[in-house]
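Novice: Can you look at this prediction? I've put the sequence above it.
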Amino acid sequence: MATTISVFNNKGGVGKTSIIWNLAVSLADKDHNVLLVDFDPQCNLSIACLGDQEFSELLESNDDHPFGETVKAFALPYIQQNRMGDVFTFSPKTEPQKGTLHIVPGDFWLNTFSDVLNVGTDVISGSGLYRFILPELIAQQAEKNNEIEYDYVLIDLPPSFNTLVRSALYCSDYFLVPCTPDLFSAYCVGLIGEMLPSFIRDWEQGKERYLEGNPRDNTISQKGMPKFGGWVFNGFDTRRRDGIKREVGADAEHHRSISRSIENEMIPQLNRIRAYNAVPDFVEFEPVAGIEDLNVMAPDSIIQNVPIRYLSEFRPTNALRGRGQWATNQIDLMNEMADEYDKLAQHIVDNF
């Protein structure tokens with residue numbers, strides 16, 4: 001079975017989309033089969049992988065595809081007509097050198113879907129638990145459609161604690177938390193530690209009620225157990241001193257503050273979960289990866305639909321009439337960050 005991972009933080013602007021995209025490429029380049037599920041109504045991951053115009057065309061409905069070719073094509077019939085819809089997967093514009101990478105595109109309609117899901121009626125009562133594991137059902141159908149076994153399913157999420165986030169976390173084996181060097185990141189990881197136990201309590205109540213009447217259901221019994229897989233420090237600046245790269249003073253202090261919050265607030269609260277071990281033994285207080293601020297390279301990567309590890313093979317978008325190229329220090333940083341994503345991918349392969 002695939003290992004399902006959510007990349008999540010209730011704080012916006014922490015680089016979830018860039019991290020999940022480049023992580024997926026590193027996992028694929030390690031010869032794994034990877035499925036991306038864009039469960040964020042902003043759909044930035046779909047645009048990054050497929051291109052703006054290409055994604056826009058998938059949103060359109062027609063006689064052959066009345067709900068388009070996005071996540072909506074599966075979810076809307078499932079919710080409104082109680083039947084399995086269609087799952088469409090696509091390869092990214094820039095494909096990995098090894099393995100397989102597919103994406104189920106997101107849809108702005110997910111905002112409406114999040115309003116349809118009801119924690120009290122669907123989860124706590126146990127009557128609609130399957131509504132809250134749609135990413136799992138989508139991944140299963142994608143495997144059947146493509147006649148492939150995915151090793152990893154990565155889910156991109158909105159920056160909130162809404163029902164879409166609950167749904168993805170209930171489906172996930174692990175979750176990663178990106179954090180940026182700012183005043184709010186340390187506070188937000190504490191909130192994650194506070195909220196997740198309540199999410200699990202709701203699931204456990206509903207699961208108990210559901211399994212009383214469906215004791216042989218092996219799907220529901222194995223869901224609702226997301227484990228903290230570590231945090232990623234993203235978007236920090238460095239300076240080279242005595243030949244060694246170090247985080248700049250303010251960013252280094254934010255790093256320490258987030259680590260303290262992970263140690264003293266998030267992990268102790270996650271340890272309050274009794275249904276399962278939400279903090280595996282391999283988890284540490286320090287980040288599992290550090291992604292430096294890529295400045296103009298990050299948006300250029302999105303615009304060109306090229307992940308960081310391959311971006312140096314393409315000219316910058318501001319190059320005029322075929323002139324212009326990446327500076328040596330920019331290429332060096334791209335390569336360093338590609339190595340850092342490989343390190344994160346190996347952490348997942350070794351531990352998840």
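Specialist: Cool, got the structure.
Novice: Tell me how far Cys188 lies from Ser301.
Specialist: Counting by C-beta to C-beta, to the nearest Å, the gap from Cys188 to Ser301 is 25 Å. Bear in mind the C-beta positions are built from the backbone N, C-alpha and C, glycine included.
Novice: Show me where the chain has its helices.
Specialist: For the chain, the helices defined by DSSP state H occupy 16-29, 44-50, 52-59, 72-80, 110-116, 134-146, 163-171, 185-213, 218-221, 249-261, 267-270, 297-304, 308-311, 328-351.
Novice: Out of those, which gets nearest to Glu95?
Specialist: Distance to Glu95, taken as C-beta to C-beta, is lowest for helix 16-29 among the helices of the chain, at 8.3 Å.
Novice: distance between that closest one and the chain's centre?
Specialist: 9 Å (C-alpha atoms, centre = their mean, to the nearest Å).
Novice: just stretch 56-70 next, same as before
Specialist: On C-alpha atoms, centre = their mean, the centre of stretch 56-70 falls 24 Å from that of its chain.
Novice: Same check on stretch 262-278?
Specialist: 21 Å.
Novice: Chain neighbours aside, what residue packs nearest to Leu164?
Specialist: Among residues not flanking Leu164 along the chain, Ser114 sits closest, at 4.8 Å (C-beta to C-beta, 6 or more residues apart in numbering).
Novice: let me fix that: Pro77
Specialist: If the residues on either side of it in the chain are set aside, Pro77 comes closest to Gly85, at 3.7 Å by C-beta to C-beta, 6+ apart.
Novice: Give me the pLDDT value at that neighbour.
Specialist: Note for Gly85: predicted pLDDT of 93.
Novice: Burial check on it, number of neighbours?
Specialist: 22 (other C-beta atoms under 10 Å).
Novice: I'd like the distance between it and Ala2.
Specialist: 20 Å.
Novice: Check Leu110 too.
Specialist: 22 Å.
Novice: Likewise for Glu247?
Specialist: 35 Å.
Novice: what does Pro280 give?
Specialist: Separation of Pro280 from Ala2 (C-beta to C-beta): 18 Å.
Novice: just Ile220 next, same as before
Specialist: 17 Å.
Novice: Asp251 too?
Specialist: Computed as C-beta to C-beta, the Asp251 to Ala2 distance reads 35 Å.
Novice: swap in Glu336?
Specialist: Per C-beta to C-beta, Glu336 is found 30 Å from Ala2.
Novice: same question, Asp182
Specialist: For Asp182, the distance to Ala2 equals 33 Å [C-beta to C-beta].
Novice: what do you get for Gln205?
Specialist: 27 Å.
Novice: got it, and Val296?
Specialist: When distance is defined by C-beta to C-beta, Val296 is 35 Å away from Ala2.
Novice: Of these two, give the one with the bigger neighbour count.
Specialist: Ala2 (20 against 12).
Novice: So that one sits against Ala139, correct?
Specialist: Yes - between Ala2 and Ala139 there is a contact under C-beta atoms under 8 Å: 6.3 Å.
Novice: and the closest residue to Ala139 other than its chain neighbours, what are its bridge partners?
Specialist: In space, and not counting its chain neighbours, Ala139 is closest to Val153: 4.7 Å by C-beta to C-beta, 6+ apart. As for beta bridges, Val153 partners with Thr4, Leu35 under DSSP bridges.
Novice: pLDDT value on Val153, please?
Specialist: Taking Val153 on its own, its pLDDT is 98.
Novice: Next up, the contacts around it.
Specialist: Listed by C-beta atoms under 8 Å, 6 or more residues apart in numbering, the contact set of Val153 reads Ala2, Thr3, Thr4, Ile5, Val34, Leu35, Leu36, Val37, Pro135, Ala139.
Novice: Could you do Val104 as well?
Specialist: With C-beta under 8 Å, 6+ apart, Val104 has these contacts: Leu35, Leu36, Val37, Asp38, Thr70, Val71, Val87, Phe88, Thr89, Ile138, Ala142.
Novice: which one's the longest strand in the chain?
Specialist: When the chain is parsed with DSSP state E, its longest strand is strand 227-236.
Novice: Within its sheet, name the partner strands of that one and how each one runs.
Specialist: Each strand paired with strand 227-236, and its direction, by DSSP bridges: strand 174-179 (parallel), strand 289-292 (parallel).
Novice: Now it: average pLDDT?
Specialist: 98.
Novice: Tell me which residues of that strand come out buried.
Specialist: Neighbour counts over strand 227-236 (16 or more other C-beta atoms under 10 Å) mark Lys227, Phe228, Gly229, Gly230, Trp231, Val232, Phe233, Asn234, Gly235, Phe236 as buried.
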